[in-house]
Every structure is written in structure tokens, then in C-alpha cells.
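Chemist: My questions are about this predicted structure, shown below with the sequence.
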Amino acid sequence: MQHELTLLQRFAGTFLRDVNLGVILLNTSFELMDISDTACRVLGLHREQALHLPLEQVFADLPIEHQLVRRHILEGVVLRNHAVSWMNNQERYELLVDSNVLKDEQGVVVGAYIIFKDVTNLRSLEEQVQRSDRLAMIGQIAAGTAHEIRNPLTSIKGFLQVLRKTFEDQGMSRESGFTEVMLTEINRINELVNEFLLLSKPKNVTFDYVDLSQVLREILPIINNEALLHGTVVQYEAMHGIPQVVADKELLKQVFLNISKNGIEAMGEGGFLTISERVDPEERKVNIDIHDTGPGIPTFVIDKIFDPFFTTKAEGTGLGLSVCQRIIHDIGGHIRVSSKGFGTTFTVSIPFP
């Protein structure tokens, strides 16, 4: 019996250290008795600092509705594959949570456990497949109708330019203003058609080894000019010697410009946009974090921002982020977004050979 107990104790210790699961053990006073390394990483906790503290104190910075564990777990509330989104600084995790009480031989509750699995990559893959299907359908429609739309637009635009010149020559400024408005709207339609075509299949794609630091340095003047117009400041945090990636340089510029422009527009005067580089050697990916100090993205919106045609801007098409995600997915990467009510971080992850 003693040998079996020792074996179980050793297994429990190894389980908490090595298993790729979040495990939390509580006593009846709602105090943290033990926690796995994975749970510490995902929840952003330091094990030695959190042990034996009440859970309300462990999650003191969070409102009660956002805390992963609540007291009613000790009343026997059972969870099975309960989906939860968790924000840890700039990382967003999708978790599947199980929980139940622990009882002794007499059936008396002596504590509770919470076990969760990080399924972020699976959820992300599922969303990618769904969005790719929608984008493919939109792309097929776009490719088939783009020329049919552009041909009459070109004719209309040409005649309007002639009319505008005639009105100007005859001093008809009011009528000239009308034609100017119409030409502006035609240009907007043309831009929309161009975005449709990008959803189909980016044309003239040239894959080559690309230095991401160089890409960011080349577009930094454009981002800085945009920031000046909105009264914001851009900070660029370069990392020396990041690995090269295989991609189309011009399409990457489009991605980083689009995300940076969104962040700048989301902030008011005095906001900061931070662009930083980091390398994940285990995943073999280069990560570019673009963080703004804006109001953040509401939870009910954050899952929709990559959907085609979803936009919160009065003049937006809702295709910008869809196009960005398509470009990054085509080179085996992904874009993730995290927002904690103040500030938003977009992380563009691109694999390196």
C-alpha cells in the first residue's frame, strides 16, 4: 500500500510538472493548493507566489465575471468541455475546461479540481478553414465579375472627366463639383474591386527570402506620416539578426501598413503605436507585434474582425483584414489579436525555414 501511494505521489508530481494540461487544485477554503506549469504559463501566474492564496486574491486584478475559477465550483457545479477565452497580457488563449469536486471515502467534499486544455491552435485552424471557404467563394465571384464592373466604370469615368472639364471652362462650378463627387465615388468602387481581386488570388506573387526588419524599416516613414496626421507616436523595437522568411515582400508591406493604419485610427491624440519583433525558436516563427493604446476591441466584436465585409468604420469595406489574413495564411502563418479593454495587439506570425 505504501509503495502504491508513493507511485501515485510521484505520478501526481510529474503530471503537474510535465503534462500539457492546465491543472488547478483547491481546498474547501477556496485556496490554491497546487497548480501545473502549463496553468501557470497560460494564466500568467508564478507558482510559489500563488500557492495557498485564496483564488480571489490570485485573480485580484480581474472582475468576478472574467475569473476562470469561481466559488460555486465547491458546491458541485460540474463543467465538461466548457469553452473559455482567456487573455494573458498580449496572448489570447482558447481553453476547454473541466471541473468537479473531490470527495473523501465518506463522500465529504475536501476540495475541487479544474483541468483545461489549450485549444487555441485548433480553434484558429477551424476559423481559418471557415474564412478560407468564404473568401474562396467571394474570390470566385470577384474574378468573374471584376471586368464586367470595370469596363462600364472606365467609360463612365472618362465621360465624367470630359464633362468636368467642360463645366470648368464654362464657369459652372456647381456642376463641376457634382462631377467631382461622382468621380470620387467611382474611384471608391474601383478600390473595392481591387480588394475583391486580392481575395481571389494575389496576382504576380513573387516568393523570395525576405528580411522582415528591412520590410518594416521601408514602410516606417509611411506609418510615421499617418501617425502625424492623427497626433499619435510610433515606436519601432527592432531585434537584431531575426531569421529571414519566405514571402512576397510587397504583400507583407500591405499587411503591416493595413494593421498599423487601423491601430493609428483607433487611437486619439497622444496615442502610441508600438511595432516590435521577436523570434519563437520552438515554433520556428518570427512574430511581429503591433500594439496600440486605443480603447480596445469589445469581446463580441473581436471574433468577427477578420470576417469579409465586417467593419466598424463608416467608410470601410470590411475587406482589409480579410485580405491581410489571406496573405499570411498563404505563406503558412497566422494573425492573432488580443485586447483587454485598453489597447489592442495584433501578432503576425510567419514561419522561417
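Modeler: Looks like it came in fine. Residues are numbered from 1 along each chain as shown.
Chemist: How much space separates Arg278 from Phe256?
Modeler: 15 Å (Cβ to Cβ, to the nearest Å). Glycine gets a C-beta too; all of them are placed from N, C-alpha and C.
Chemist: so Gln254 makes contact with Ile327?
Modeler: Yes. Counting by Cβ atoms under 8 Å, Gln254 does reach Ile327; the two are 6.9 Å apart.
Chemist: Looking only at neighbour counts, state which of those two leads.
Modeler: Ile327 (22 against 17; other Cβ atoms under 10 Å).
Chemist: mind checking the SS state of the more buried one?
Modeler: When classified by DSSP: H, G, I helix; E, B strand; the rest coil, Ile327 comes out as helix.
Chemist: Quick check, it in contact with Lys253.
Modeler: No. Counting by Cβ under 8 Å, Ile327 stays clear of Lys253, with 10.3 Å between them.
Chemist: returning to what we had before: who has more neighbours, Arg278 and Phe256?
Modeler: Set Arg278 next to Phe256 and count neighbours by other Cβ under 10 Å: Phe256 wins out with 23 against 14.
Chemist: for this structure, which strand is longest?
Modeler: strand 91-103 (DSSP state E).
Chemist: partners of that one, with directions?
Modeler: strand 79-88 (antiparallel), strand 109-118 (antiparallel) (DSSP bridges).
Chemist: mind giving me the domain split of this structure?
Modeler: In terms of domains, the chain is parsed into 2-118, 120-201, 205-353 (source: automatic domain parsing).
Chemist: Redo those domains as CSV? Include mean pLDDT.
Modeler: Converted to CSV, the domains of the chain look like this (pLDDT from 0 to 100):
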stretch, mean pLDDT
domain 2-118, 77
domain 120-201, 74
domain 205-353, 86
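Chemist: Of those, flag the one that's most buried.
Modeler: Here the criterion is mean neighbour count by mean count of other Cβ atoms under 10 Å, and of those the winner is domain 205-353, at a mean of 17.
Chemist: how long is it end to end?
Modeler: End-to-end distance of domain 205-353 (Cα to Cα, to the nearest Å): 19 Å.
Chemist: Check the offset of that domain from the chain's centre.
Modeler: Taking Cα atoms, centre = their mean, to the nearest Å, the mean C-alpha location of domain 205-353 is offset from the chain mean by 9 Å.
Chemist: excluding its backbone neighbours, what's nearest Asp104?
Modeler: Val110 (5.1 Å; Cβ to Cβ, 6 or more residues apart in numbering).
Chemist: Contact partners for the one you found?
Modeler: Val110 is in contact with Asn27, Thr28, Leu102, Lys103, Asp104, counting by Cβ atoms under 8 Å, 6 or more residues apart in numbering.
Chemist: all helices for the protein, in order.
Modeler: Ranges of helices in the chain, per DSSP state H, are 2-18, 37-43, 47-50, 55-58, 120-169, 173-200, 212-230, 249-266, 299-302, 320-329.
Chemist: ok so, going back, closest to Gln49 out of the strands paired with strand 91-103?
Modeler: Nearest to Gln49, of all these, is strand 79-88, at 15.7 Å by Cβ to Cβ.
Chemist: who touches the closest one?
Modeler: Contact partners of strand 79-88, identified using Cβ under 8 Å, 6+ apart, comprise 42-44, 68, 92-100, 114, 116, 299, 338-340.
Chemist: for stretch 53-60, same thing?
Modeler: Leu26, Ser29, Phe30, Glu31, Leu32, Leu45, Ala50, Gln67, Leu68, Val69, Arg71.
Chemist: Quick check: bridge partners of the fifth one?
Modeler: Listed by DSSP bridges, the beta-bridge partners for Leu32 are Leu26.
Chemist: Leu51 is in contact with that one, correct?
Modeler: Yes. Between Leu32 and Leu51 there is a contact at 5.9 Å, judged by Cβ under 8 Å.
Chemist: State the distance from the residue of the chain most remote from its centre to Gln161.
Modeler: Going by Cα atoms, centre = their mean, the residue of the chain most distant from its centre is Gln170, 53.8 Å out. Taking Cβ to Cβ as the measure, Gln170 falls 15 Å from Gln161.
Chemist: before we move on, the earlier item: can you tell me which of the contacts of Val110 lies nearest to Gly241?
Modeler: For the contacts of Val110, the nearest to Gly241 is Asn27 (48.7 Å; Cβ to Cβ).
Chemist: ok so, going back, now render the strands paired with strand 91-103 as JSON lines, adding distance to Val234.
Modeler: Output for the strands paired with strand 91-103, formatted as JSON lines (distance: least, Cβ to Cβ, whole Å):
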{"stretch": "strand 79-88", "distance to Val234": "24"}
{"stretch": "strand 109-118", "distance to Val234": "33"}
